[in-house]
Structure formats: C-alpha cells, structure tokens
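Enquirer: mind folding the following:
(one chain, ligands or ions: 1)
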Amino acid sequence: MSRADAEGVAPVANTAGADPVIVGMEVLIEDVRFSYPSGVEAVKGVSLSIRPGERVAIVGQNGAGKTTLVRQLNGIFRPTSGRVQVGDWITSEHTIAELATRVGYVFQNPDEQLFARTVRADVEFGPRNLGLDSAQVARRAETAIEAVGLSGVADLHPHHLSLSERKRVALAGVVAMGTPVVVLDEPTTGQDAAGVDMIAQVVAALTDAGRTVIAITHDMEFCAEHFDRVIVMAGGQVLVDGHPRDVFVRDAELDAAAVEPPQLTRLARALGWDDQPLSAEEFVGAFARRGAHS
Ligand SMILES: Nc1ncnc2c1ncn2[C@@H]1O[C@H](COP(=O)(O)OP(=O)(O)OP(=O)(O)O)[C@@H](O)[C@H]1O
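Expert: Numbering: from 1, shown residues only. Model prediction:
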C-alpha cells in the first residue's frame, strides 16, 4: 500500500484502473485565532474536533467569522495562532496544492471556480490533476455530474448554465476530487426545491462514504433536516455546538448570534408542542400523533 493510500489521499499516478479508496479524516482546530492584515480579528480562539463522516453546518450572521474559519482548513489562510490539523497533516506545514488533495472547497460564487470550456472538462480537471488514469477520471466525472443532475448539459459551456446549475458544476468538481473533507459555502443559495434535494443527496452520499462535509449556511431548514451537528458562531467565536435538536432550543445563544430556528420548529413551539420537528416529515408525524390522541 502506498503512503497516499494509507493516509486516505487519492494516490497519484495510479495505473491500476480501480478507483482509489477514499478514507475519512479527522479535522482538529485548536484554539485558532486569525487576524486580517487590516487588524480585524475574525476568529477568536476556536477549538473543534470533527470526526470523519460528520455532517457539520456552521451558522451565524454575516461577519460572524464562518468563512474565515473554514478557509483555515485548505490553507487559503494560516492561523495567526493555534493550529489546524487534517488527518495527520498540520495545515501550516503544507502547501495549498497539497491541502487540496484532502480538503475540497466549493465557493459560494461558482464563477470563482469554473474555468473550463465544458461542464465535463471542468469536473475532470481535479481528478486528472491528481494523476488518476483517464478511465478513472471519466468515471469520477460522470458519477459526480449525474449526482448533481447535470448529465444532460455535460458538454455545454458552464456560462450557458444558470447560477444554480453552475453552483452544482462546482460541487461536482469537488465531489470528483475524492477529498476526505468537503467544505461547502452556502450550497443552497439560488437553488430551487429540486436543487436543494439534489445537494442534500450528495451530502448524504459523501458522508455515508466516510467523507466529512462542513457547510456554511444561512438556510436553517437545510441545516436542521440534513446535518447532524450545528455550530453557531458570532463575533469570531463558537457559541453553541451540537445536534440541531439541542442547538435550536438554546434561545439565548441563538439571539446573541441573530439566528432563528427553522420555521417548523418555531411553529411547533408556538403551538405549545413538546416535540421539536426538524423537517416537514417530522412535523407531519408529530401532528398525526396529536390527531391520534385527540
Ligand atoms: N479580506 C478581509 N479583510 C479584512 N477584514 C475582513 C476580510 N474578510 C472578512 N473580514 C472581516 O472579518 C470578519 C469575519 O468575516 P467572515 O467573512 O469570515 O464572516 P462570515 O460569517 O463568513 O460572513 P458571511 O456570512 O457574510 O460570509 C468580519 O468582521 C469581516 O468584515
């Protein structure tokens, strides 16, 4: 087994034909602080441990420090103090190119990420750069493009697609890289219900395969329904961290972070229910149980 195999990184120059196994990796953030050159301290002593296969949503109002924090993971930013570790790598000891084999990052704005002449070429770029053979590259791209519902437009120029489709092309490109950790910045912005559904399915497939998904989102419904851990940030710090069911009852911290629980959770509370439904399905279930008892 190669070193890359053992560490869960997609091996380079693989000629065997079979896709390399992607292994999950722990992310450790230890007392990280980060200041911009302007002097603004955007992250103020954050410590987190994220297990392989976790689905983590980071929420908080604009300026809370979410983006600055996740950009420490792929080396775009280096902590001013503290340390970040992905698997056995301390990020400050690795280049952005090396970290890109472990942490895939889907930007909020896909136009910062897409550059090839077709959707397929764009999605193939990452796996090809890892040194996979052409059959593996084609297979990975095909699977990723299908997962985001874009098989029908794979040979079009990304500029001919809508913003929501371009966002899904960027997602497919990162999925195809096979990184153990995937960071999504506002993945559901601009998506209709079908697009949100597709993204939720991709998130589930990634974490079922042992990969870690960390999403920054303002979409509380998406976060409550599809994530098993919610981290609430404000002023560069973590205020609450836990399962959505435990987090969305922490009124004081949510108020401080200007975060509102999902609508159905709020409705259930307004109705005086003890249940805390996190999805329409759970709401209907709770409603039906009440009907059965009345
Ligand atoms: N390039 C920069 N230079 C100086 N300060 C910055 C820069 N980028 C962000 N900041 C500041 O750092 C703080 C955290 O910003 P950040 O973008 O990380 O927050 P966020 O929670 O991701 O917000 P949003 O939801 O708007 O993306 C804010 O005070 C912001 O103004």
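Enquirer: show me the contacts for the closest residue to residue 210 other than its chain neighbours.
Expert: Excluding the flanking residues, the one nearest residue 210 by CB to CB, 6 or more residues apart in numbering is residue 24, at 3.7 Å. (Each C-beta comes from the backbone N, C-alpha and C, glycine too.) With contacts defined as CB atoms under 8 Å, 6 or more residues apart in numbering, the neighbours of residue 24 are 8, 51, 52, 53, 180, 210, 211, 212.
Enquirer: try 6 Å
Expert: For residue 24, the contacting residues are 52, 53, 180, 210, 211, by CB atoms under 6 Å, 6 or more residues apart in numbering.
Enquirer: how about the residues you listed, which pair is most distant?
Expert: Largest separation among these by CB to CB: 53 and 180, giving 9.7 Å.
Enquirer: ok, the two, which is more surrounded?
Expert: Shown here are residue 53 and residue 180; by other CB atoms under 10 Å, residue 180 has more neighbours (27 against 17).
Enquirer: residues in contact with the more buried one?
Expert: Listed by CB under 6 Å, 6+ apart, the contact partners of residue 180 are 8, 24, 25, 102, 211.
Enquirer: report pLDDT for it.
Expert: pLDDT for residue 180: 95.
Enquirer: from the ligand, how far out is it?
Expert: Relative to the ligand, residue 180 is positioned 23 Å away (criterion: CB to the nearest ligand atom, to the nearest Å).
Enquirer: now secondary structure too, for the contacts of residue 24, in TSV please.
Expert: Output for the contacts of residue 24, formatted as TSV (DSSP: H, G, I helix; E, B strand; the rest coil):
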residue	secondary structure
52	coil
53	coil
180	coil
210	coil
211	coil
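Enquirer: tell me where the stretch 51-200 of the chain has strands.
Expert: Along the stretch 51-200 of the chain, counting by DSSP state E, counting those that start in this stretch, strands occupy 55-59, 81-86, 89-90, 103-106, 181-185.
Enquirer: the shortest one: partners in the sheet, and parallel or antiparallel?
Expert: The one in question is strand 89-90. strand 81-86 (antiparallel) (DSSP bridges).
Enquirer: and the partner strand, what's buried?
Expert: Buried residues in strand 81-86, counted by 16 or more other CB atoms under 10 Å: 82, 83, 84, 85, 86.
Enquirer: so which of those residues reach the ligand?
Expert: Applying CB under 6 Å from any ligand atom, the subset of the buried residues of strand 81-86 adjacent to the ligand is empty.
Enquirer: quick check on residue 228: phi, psi?
Expert: phi -100, psi 0 (degrees, to the nearest 10).
Enquirer: so when I look at residue 258, I'm seeing a helix, right?
Expert: No. Under three-state DSSP, residue 258 falls outside any helix and is assigned coil.
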